[in-house]
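[1] return a 3D structure for these sequence lines:
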Amino acid sequence: MSSISGARIRRAITVGLTTGAMITAGAIAAAPAQAVTVPTITAKGGFVMNGATGATLYTKYGDTKRLTASTTKIMTAKVVLSRLSPATSVTLDTKVTIRREVSDYMVAEGYPSSARLIVGDKVTVRQLLYGMMLPSGCDAAMALADKFGTGTTVKARTANFIARMNNMAKTLGMTNTHFDSFDGLSNGANYSTPRDLTKLGRSTMTSATFRAVVKTKSYTAKTITSSGSTRTMAPWNNTNTLLGWNGTLGVKTGSGPDAKYCLVFSATLNGEQVVGAVLSSSSEANRTADVKKLITYGYARIS
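    Have a look, this model is predicted:
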């Protein structure tokens, strides 16, 4: 073999090795991170948002209108908190006397979820928030709507309060939402979407008071009876069994024969926050499984 031919062969081998190394290096550099599998949920609608940025992380019929059940009470709390004002002496410690109309309402509605409030008792606004958000008391929701609505009768005040709920929804950009009740017991026009409820959850969780309420697993209220004595209520236990799981801090469950099983959730772990909602899960167990999948997926998407 001539020296020229040998040099050519050596150059060819060198080029081949160099090219192979470059291809290998390129393949390593270009290899994408392991894809995060999009979860399958039983709920008819679902949505997950990055709590810090508002970016969408997951959606399944996120803009389809559905019944909201007791997740409606998040907006009730939002309106109440927006109306508190030291200037007008209406604070969390303001006492509200439970009216006969509250009891009549519970009877008329067939005894829905209740905080077991007693007519004539004086209950603070703070206690009513716990009574509404933990055991999902429709009686507590009505007492708050009556207190913070405007009008000369209970009917007028609660109607005014519901109008405030709808105005707040517009302010928050909840374009596919309408409320016709203060507690989610729909009168035919109470609906929202997973995306809209996620917006509501994210906004309301900015309130330290609200966060403190919804992350509480059990709360015992001491109310003042009509005779002035102290009544220790039976504990109000939170219907949200996911609290504490993987950083879950709230927000509110909902269920009903037509709405099925719903949940607006917020969770924070290692500085990452996910907020979301599922509507119309087929069972309580499936709702829990759905939300666990979405929280896990949301964290993975942010990471």
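
[2] can I assume Asn187 sits in a strand?
    No - counting by DSSP: H, G, I helix; E, B strand; the rest coil, Asn187 is not found in a strand; it is coil.

[3] roughly how far does it sit from Pro194?
    Distance from Asn187 to Pro194, counting by CB to CB, to the nearest Å: 22 Å. Placement of C-beta: from N, CA and C, glycine included.

[4] next: Arg157.
    From Arg157 over to Pro194 (counting by CB to CB), the distance is 31 Å.

[5] neighbour count: those two, which is higher?
    Remark: of Arg157 and Pro194, Pro194 carries more neighbours, 30 against 18, as counted by other CB atoms under 10 Å.

[6] ok, for the more buried one, nearest residue in space, not its chain neighbours?
    In this structure, Pro194 finds its nearest non-sequential neighbour in Phe47, 3.6 Å apart by CB to CB, 6 or more residues apart in numbering.

[7] how far does the one helix or strand the one you found maps to sit from its chain's centre?
    Using DSSP states H and E, the element containing Phe47 is strand 45-50. Its chain's C-alpha centre and that of strand 45-50 lie 10 Å apart, by CA atoms, centre = their mean, to the nearest Å.

[8] what residues are up against the residue nearest the centre of the chain?
    For the chain, the residue sitting closest to the mean C-alpha position, by CA atoms, centre = their mean, is Val264 at 2.7 Å. Going by CB atoms under 8 Å, 6 or more residues apart in numbering, Val264 touches 71, 74, 197-198, 200-201, 250-252, 275-277.

[9] Ser203 contacts Ala77, correct?
    No - between Ser203 and Ala77 there is no contact under CB atoms under 8 Å: 11.1 Å.

[10] what about those two, which has more around it?
    Between Ser203 and Ala77, Ala77 has the larger neighbour count (other CB under 10 Å), namely 24 against 19.

[11] distance of the more buried one from Tyr219?
    For Ala77, the distance to Tyr219 - CB to CB - is 14 Å.

[12] do Thr241 as well
    Thr241 is 16 Å from Tyr219, by CB to CB.

[13] number of residues surrounding Asp63?
    Count around Asp63 with other CB under 10 Å applied: 13.

[14] where does it land in three-state SS?
    coil.

[15] contacts only, for it.
    By CB under 8 Å, 6+ apart, Asp63 lies in contact with 176, 193-195.

[16] circling back: just the mean pLDDT for the strand holding Phe47, thanks.
    Strand 45-50 shows a mean pLDDT of 98.

[17] ok, and the closest non-adjacent residue to Arg126?
    Sequence neighbours aside, Leu92 is the residue nearest to Arg126 in space, at 4.0 Å (criterion: CB to CB, 6+ apart).

[18] so the one you found belongs to a helix, correct?
    No - counting by three-state DSSP, Leu92 falls outside a helix, being coil.

[19] does it touch Tyr130 like I think?
    No - Leu92 lies out of contact with Tyr130 (CB under 8 Å); the separation is 10.6 Å.

[20] just the strands in the stretch 51-200 of the chain please.
    With DSSP state E, counting those that start in this stretch as the criterion, the stretch 51-200 of the chain has strands at 56-60, 95-97, 122-124.

[21] residue ranges in the stretch 101-250 of the chain under the pLDDT threshold?
    Residue ranges of the stretch 101-250 of the chain with pLDDT under 70: none are present.

[22] and the gap between the residue nearest to Pro194 and Met205?
    Using CB to CB, Phe47 is found at 15 Å from Met205.

[23] how about Gly250?
    The gap separating Gly250 from Met205 is 7 Å, by CB to CB.

[24] and Gly298, by the same measure?
    14 Å.

[25] for Ser181, same thing?
    23 Å.

[26] same deal with Tyr191?
    For Tyr191, the distance to Met205 - CB to CB - is 22 Å.

[27] kindly report the same for Pro135.
    20 Å.

[28] Thr209 sits in which helix or strand?
    Here Thr209, judged by DSSP H and E, is contained in helix 208-214.

[29] now the helices for the stretch 201-303 of the chain?
    Along the stretch 201-303 of the chain, counting by DSSP state H, counting those that start in this stretch, helices occupy 208-214, 284-302.

[30] pull the distance from the shortest one to the chain's centre.
    In terms of CA atoms, centre = their mean, the centre of helix 208-214 is set 12 Å apart from its chain centre.

[31] many thanks, we can stop here.
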